[in-house]
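Asks: Pasting the sequence and the predicted model now:
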2 protein chains.
Amino acid sequence: MTLPMAVPAQGLPARVRIHEVGARDGLQNEKGTVPTEVKAEFIRRLADAGLTTIEATSFVHPKWVPQLADAEQLFPLVAGLPVELPVLVPNERGLDRALALGARRVAVFASATESFAKANLNRTVDEALAMFEPVVARAKADGAQVRGYVSMCFGDPWEGQVPIAQVVRVCRALMDLGCDELSLGDTIGVATPGHVLELLASLNEQRVPTSALGVHFHDTYGQALANTLAALQHGVTTVDASAGGLGGCPYAKSATGNLATEDLVWMLRGLGIDTGVDLGRLVATSVWMAGQLGRPSPSRTVRALSHEDQDPKEQ
Amino acid sequence: MTLPMAVPAQGLPARVRIHEVGARDGLQNEKGTVPTEVKAEFIRRLADAGLTTIEATSFVHPKWVPQLADAEQLFPLVAGLPVELPVLVPNERGLDRALALGARRVAVFASATESFAKANLNRTVDEALAMFEPVVARAKADGAQVRGYVSMCFGDPWEGQVPIAQVVRVCRALMDLGCDELSLGDTIGVATPGHVLELLASLNEQRVPTSALGVHFHDTYGQALANTLAALQHGVTTVDASAGGLGGCPYAKSATGNLATEDLVWMLRGLGIDTGVDLGRLVATSVWMAGQLGRPSPSRTVRALSHEDQDPKEQ
């Protein structure tokens, strides 16, 4: 196996925290139901591979996301792992369930666009923010850390282009509610590097510091890693990714959704940026999970490294 | 279809020339033989999509690359197109054949490593350079432009890591022979952005100007577009890419080789960088070619855009 030569580039962070979303964002998009014990084993293996922040599940009503209806059963199975285990909480009821199980990191899921707020939450953007206000306040009062997801930051399938000012307004509002961190979601994968840099700079202008910002890119058009590089150059040190690229768009079997953690780790390793992740173990985990799901990982790195036993002349 | 918002980033070129390699580098890796008329139609459609430099074929001995054994028949079919049509010439015999048909741009294919020089050319690196000397000299004397490919610039499947000084030496030698342009090949896809920047800077130190450098990245580990962004930031304006990502590693059906032209055009469009390419026509061309080859394109952009008729809620 030829690994990348580590050659640092100027102006990049020394360390990046990967916010692993495969177990929640990835599995919630699966058609079938994954057994609770398989989910727990997936999270254990991710932790064993060196990931330190592993989003575990969502305390959403089972009616909306039946794939994650086992949150109450799953969370206690992994709560003892020496890693951060954020969970999604759509509302106060979800927060109650999460806190009762001892969750110390929760996340709310906001939208930068009215169309997606309506489709996903059946609310306006401002109604959703109002719904999150007591969630964030009570989580903070309980000592939990709160992440605010902002979806459709770079484009929306109904509205097309999304003005940067509109995204900044929602981000600023989430920070005002008390969120510790935001995750800027390119839900349909249309971001490009200049757009990323402009949004980050605009957020800084509105007193949202880069240290509070994570990026969440989708690889629908193959842009996720280039966008990540731009974000790192701006100083971002929290990057969302999904082991094996889990979370593909269901409309096309082969299309991809989330940036694959392995592709990210490969780049960071080449840049000499510390993540604490063991790439070999992570690939083995994704290959194992692909076996559980019955289809290959869309991650290019997983595919390449899991064929490494070939003679190089055949490549 | 939501296209990327055009948001330029600082320090990037206003225009990029795409050196399209699908018809040569892509098709030479196909197992079956593609009919000559299909190749000609592919090149015509690429030109119609706005590509201006389309590598057409290789005048290599048919014994080595039977897929391109029809170079003599193919070239006249497309020679009248209003685009540049570089062709690969492995030696003087190949040059003779190319010049006899009126080729005005030729390319030689060197290696940065001894292992690949041996495997690909059955020569040492220096023996290969000696073989290219009369090829370059005669091409220049005939008024043709000469490109020098340098493969294995970032890693080698037999040797592992490849010292930058070794790559620089071969590049400098090709420039000394009279090459007008070099193409830095990441043949096994292991490059990362810092490595790219370091090689470019090292080449500049040895008087190889950035204006003479093209980059040729493979997407084996998903790094090609991030590497391209780094190269653009350094000032590179010539980028090799393959329509639809043709040229995948034959060892895994789904693995990819060359950077897909569509993924590149998507990023450049988002960055407001002019390429002259009509993305819709290019995607249609790759979908058509995938039909001819009987398997889907590995390009994420091709896959996503060819499913665009879906309801966004289903995505």
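Replies: Arrived safely.
Asks: which ones are touching residue A:133?
Replies: By Cβ atoms under 8 Å, 6 or more residues apart in numbering or on different chains, residue A:133 lies in contact with residue A:177. For glycine as for every other residue, the C-beta is placed from the backbone atoms N, C-alpha and C.
Asks: Kindly state the beta-bridge partners for the nearest residue to residue A:103 once chain neighbours are set aside.
Replies: Excluding the flanking residues, the one nearest residue A:103 by Cβ to Cβ, 6 or more residues apart in numbering or on different chains is residue A:87, at 5.0 Å. Beta-bridge partners recorded for residue A:87 (DSSP bridges): residue A:57, residue A:106.
Asks: Confirm for me that residue A:87 is in contact with residue A:72.
Replies: No. Under the criterion of Cβ atoms under 8 Å, residue A:87 is not in contact with residue A:72, lying 10.9 Å apart.
Asks: Just want to know which of the two has more residues nearby.
Replies: residue A:87 (27 against 15; other Cβ atoms under 10 Å in any protein chain shown).
Asks: OK, contacts around the more buried one?
Replies: Applying Cβ under 8 Å, 6+ apart to residue A:87 gives the contacts A:24, A:55-59, A:71, A:75, A:98, A:103, A:105-107.
Asks: One more: residue A:207?
Replies: Applying Cβ under 8 Å, 6+ apart, the residues contacting residue A:207 are A:172, A:175.
Asks: Now do the phi/psi pair for it.
Replies: The phi/psi pair for residue A:207 (degrees, to the nearest 10) reads phi 60, psi 30.
Asks: Tell me where chain A has helices.
Replies: All helices of chain A, identified by DSSP state H, fall at A:36-48, A:71-78, A:92-100, A:114-121, A:125-141, A:164-177, A:193-205, A:224-234, A:261-270, A:279-293, A:300-305.
Asks: List the buried residues in the first one.
Replies: Neighbour counts over helix A:36-48 (16 or more other Cβ atoms under 10 Å in any protein chain shown) mark A:36, A:39, A:40, A:41, A:42, A:43, A:44, A:45, A:46, A:47 as buried.
Asks: Repeat that for the third one.
Replies: Residues of helix A:92-100 classed as buried under the neighbour-count rule (16+ other Cβ under 10 Å) are A:94, A:95, A:97, A:98, A:99.
Asks: I'd like to know which of those residues is nearest to residue B:260.
Replies: Checking the buried residues of helix A:92-100 against residue B:260 with Cβ to Cβ, the nearest one is residue A:94 at 40.5 Å.
Asks: tell me the contacts of that closest one?
Replies: Counting by Cβ under 8 Å, 6+ apart, residue A:94 has contacts A:58, A:59, A:60, A:61, A:88, A:135.
Asks: can you do 6 Å?
Replies: residue A:59 (Cβ atoms under 6 Å, 6 or more residues apart in numbering or on different chains).
Asks: And stretch A:74-91, how far out from the chain middle?
Replies: Here stretch A:74-91 is found 15 Å from its chain centre; the criterion is Cα atoms, centre = their mean, to the nearest Å.
Asks: got it, and stretch A:187-202?
Replies: Averaging C-alpha positions (Cα atoms, centre = their mean) puts stretch A:187-202 16 Å from its chain's average.
Asks: outside of that stretch, which residues touch it?
Replies: With contact meaning Cβ under 6 Å, 6+ apart, stretch A:187-202 is reached by A:151-152, A:154-155, A:157, A:164, A:168, A:218, A:220-221, A:223, A:226-227, A:230-231, A:234, B:2, B:4-5, B:7-9, B:229, B:267, B:270-271.
Asks: Give me the pLDDT value at residue A:31.
Replies: You'll see residue A:31 listed with a pLDDT of 79.
Asks: To clarify, my last question referred to residue A:157.
Replies: Here the pLDDT value assigned to residue A:157 is 92.
Asks: So it versus chain B, what's the distance?
Replies: Taking Cβ to the nearest Cβ, to the nearest Å as the criterion, residue A:157 is separated from chain B by 3 Å.
Asks: Same question for residue A:161.
Replies: Here residue A:161 is placed at a distance of 5 Å from chain B (Cβ to the nearest Cβ).
Asks: burial count for the nearest residue to that residue once chain neighbours are set aside?
Replies: Nearest residue to residue A:161 in three dimensions, chain neighbours excluded: residue B:5, at 4.9 Å (Cβ to Cβ, 6+ apart). Applying other Cβ under 10 Å, we find 21 residues neighbouring residue B:5.
Asks: same check, this time on residue A:102
Replies: By other Cβ under 10 Å, 11 other residues sit near residue A:102.
Asks: Check the one 5 residues further on too.
Replies: Other residues near residue A:107 number 25, with proximity taken as other Cβ under 10 Å.
Asks: thought it was touching residue A:86?
Replies: Yes. Look at residue A:107 against residue A:86 with Cβ atoms under 6 Å: they come within range, at 5.4 Å.
Asks: and residue A:91, what does it touch?
Replies: By Cβ under 6 Å, 6+ apart, the residues touching residue A:91 are residue A:131.
Asks: Which positions in the stretch 1-150 of chain A make contact with chain B?
Replies: Within the stretch 1-150 of chain A, the residues that sit near chain B (Cβ under 6 Å from any Cβ of the partner chain) are A:2, A:4, A:5, A:7, A:8, A:9.
Asks: Return the residues in contact with the fourth one.
Replies: Residue A:7 makes contacts with B:194, B:195, B:198, as judged by Cβ under 6 Å, 6+ apart.
Asks: Not including adjacent chain positions, what is the nearest residue to residue A:269?
Replies: Among residues not flanking residue A:269 along the chain, residue A:4 sits closest, at 5.9 Å (Cβ to Cβ, 6+ apart).
Asks: so who does the one you found touch?
Replies: When contacts are counted by Cβ under 6 Å, 6+ apart, residue A:4 touches A:269, A:270, B:190, B:192.
Asks: and with 8 Å instead?
Replies: Neighbouring residues of residue A:4 by Cβ under 8 Å, 6+ apart: A:266, A:267, A:269, A:270, B:154, B:155, B:190, B:191, B:192, B:195, B:221, B:223.
Asks: Touching, the fifth one and residue A:5? I think so.
Replies: Yes. Taking Cβ under 8 Å as the contact criterion, residue B:154 and residue A:5 are neighbours in contact, 7.2 Å apart.
Asks: How about the stretch 51-200 of chain A: which residue is closest to chain B?
Replies: residue A:192 (2.4 Å; Cβ to the nearest Cβ).
Asks: okay, the residues of the stretch 1-150 of chain A next to chain B in a markdown table with pLDDT next?
Replies: Formatted as a markdown table, these follow (pLDDT from 0 to 100):
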| residue | pLDDT |
| --- | --- |
| A:2 | 77 |
| A:4 | 91 |
| A:5 | 92 |
| A:7 | 95 |
| A:8 | 94 |
| A:9 | 93 |
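Asks: and the residues you listed, which two are the farthest apart?
Replies: Based on Cβ to Cβ, the longest span within those runs between A:2 and A:9 and measures 20.0 Å.
Asks: Of these two, which one has the most company?
Replies: Neighbour count, other Cβ under 10 Å: between residue A:2 and residue A:9, residue A:9 has more, with 21 against 18.
Asks: Can you tell me the closest non-neighbouring residue to the more buried one?
Replies: Take residue A:9 and drop its neighbours on the chain: the residue closest to it by Cβ to Cβ, 6+ apart is residue B:194, 3.7 Å away.
Asks: Looking at that neighbour now. What's its pLDDT?
Replies: pLDDT, residue B:194: 98.
Asks: Then residue A:3?
Replies: Per-residue confidence (pLDDT) for residue A:3: 84.
Asks: same check, this time on the one 3 residues further on
Replies: Among the per-residue scores, residue A:6 holds a pLDDT of 94.
Asks: Check the one 4 residues further on too.
Replies: The score at residue A:10 is 92. That number is its pLDDT.
Asks: how close does it sit to residue A:4?
Replies: From residue A:10 across to residue A:4, the span is 18 Å (Cβ to Cβ, to the nearest Å).
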